[in-house]
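Trainee: With the sequence up front, the predicted model follows.
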Amino acid sequence: MAETIGSLTDKLSIIQLKILHMREQLRRADASQEHKTACGERLAVMAEQKKDLEEEMTRLFSDVAAGRATLKIYRQFKMYNDPRYRAK
């Protein structure tokens, strides 16, 4: 499984912020109709992306709850600020 709950949450947060800012562009009084049309088209694509991510998150939760999938936990192996990894 390529996606994790964390990566899906991150992507959902980012797309939601993009949607928020694109909606602001649609409300701009100084924006041309051409700009607003382009923003509306982009907003539709973003809404589809958000829906797809939400569906993927729902499937992942369902699969984990039903035992069809398990979540892997990867430990971080940080090397910086650890004197054991410094050349002498």
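Mentor: That came through, no problem. Numbering: from 1, shown residues only.

Trainee: At the geometric centre of the chain, which residue sits there?
Mentor: Centroid-nearest residue in the chain: K11, 0.3 Å away (criterion: CA atoms, centre = their mean).

Trainee: which phi and psi does the residue nearest to it when sequence neighbours are not counted have?
Mentor: Closest residue to K11 apart from its sequence neighbours, by CB to CB, 6 or more residues apart in numbering: L53 at 5.4 Å. No exception for glycine: its C-beta is placed from N, CA and C like everyone else's. Backbone geometry at L53, expressed as degrees, to the nearest 10, gives phi -60, psi -40.

Trainee: for A31, helix, strand, or coil?
Mentor: Secondary structure assignment for A31 (DSSP: H, G, I helix; E, B strand; the rest coil): coil.

Trainee: From D52, how far off is it?
Mentor: Going from A31 to D52 by CB to CB, to the nearest Å gives 28 Å.

Trainee: Work out the gap between the helix or strand harbouring E56 and the centre of the chain.
Mentor: Assigned by DSSP states H and E, E56 belongs to helix 33-65. Its chain's C-alpha centre and that of helix 33-65 lie 10 Å apart, by CA atoms, centre = their mean, to the nearest Å.

Trainee: Quick check: the closest residue to S62 other than its chain neighbours vs A38, distance?
Mentor: Spatial nearest neighbour of S62, excluding adjacent residues (CB to CB, 6+ apart): R68 at 7.9 Å. Going from R68 to A38 by CB to CB gives 41 Å.

Trainee: and stretch 72-88, how far out from the chain's middle?
Mentor: Here the centre of stretch 72-88 is set off from its chain's centre by 28 Å, with CA atoms, centre = their mean.
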